[in-house]
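1. Structure for the following, please:
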Amino acid sequence: MSSVETMNAVRYWAVVPAAGVGRRMNIDIPKQYLEIKGKPLMVHTLERLLDFPRLEKIVVVLDHNDEYHQSIELLRNPGILLAQGGGMSVTTRYLMV
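-> Residues are numbered from 1 along each chain as shown. Just a heads-up that it's a prediction; the model follows:
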């Protein structure tokens with residue numbers, strides 16, 4: 001197998017930290033659910049990632065109290081896995097590693 005073929009065979013996973021609760025923005029809804037052009041910010045991000053041909057899976061890290069994610073149909077995509085994050089972004093990043 002050539003080095004180009006090897007590179008084309010490489011598959012990736014993406015991790016999307018989405019466990020924020022909007023505390024610093026002083027808003028009632030987590031920022032990943034704020035709508036931009038009629039869709040939540042998280043949906044825009046996931047749609048772009050799903051277009052990447054060598055991406056095998058996407059892991060979306062959510063707050064353990066997240067009540068909003070159930071309304072996002074795209075999160076039911078078989079290429080997307082959900083994981084539980086920590087209460088603060090630093091804790092979530094630590095848990096992701």
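2. Asn8: what secondary structure?
-> helix (DSSP: H, G, I helix; E, B strand; the rest coil).
3. Kindly provide the distance from it to Lys57.
-> 18 Å (C-beta to C-beta, to the nearest Å). From N, CA and C alone the C-beta is placed, and that goes for glycine too.
4. which of the two has more neighbours?
-> Lys57 (14 against 11; other C-beta atoms under 10 Å).
5. Show me what the helix or strand hosting the more buried one is in contact with.
-> Taking DSSP states H and E as the criterion, Lys57 maps to strand 55-62. With C-beta atoms under 8 Å, 6 or more residues apart in numbering as the test, strand 55-62 has contacts from 11-19, 42, 46, 49-50, 69, 75, 79-85, 92, 95-96.
6. what do you get if the cut-off is 10 Å, keeping everything else the same?
-> Residues from elsewhere that reach strand 55-62 (C-beta atoms under 10 Å, 6 or more residues apart in numbering): 10-20, 30, 32, 42, 45-46, 49-50, 52, 66, 68-69, 72, 74-75, 77-86, 92-93, 95-96.
7. Just the buried ones from those residues?
-> 14-20, 30, 32, 42, 45-46, 49, 66, 69, 72, 74-75, 80, 83, 85-86, 92 (16 or more other C-beta atoms under 10 Å).
8. So which of those sit within strands?
-> Ala14, Val15, Val16, Pro17, Ala18, Ile80, Ala83 (DSSP state E).
9. ok, Ile80 touching Leu74?
-> Yes - with contact defined as C-beta atoms under 10 Å, Ile80 and Leu74 form a contacting pair (7.2 Å).
10. Mind listing the shared neighbours of those two?
-> In contact with both Ile80 and Leu74: Leu46, Leu50, Ile58, Val60, using C-beta under 10 Å, 6+ apart.
11. closest to Asn26 among those?
-> Lowest distance from Asn26 to those (C-beta to C-beta) belongs to Val60, with 24.0 Å.
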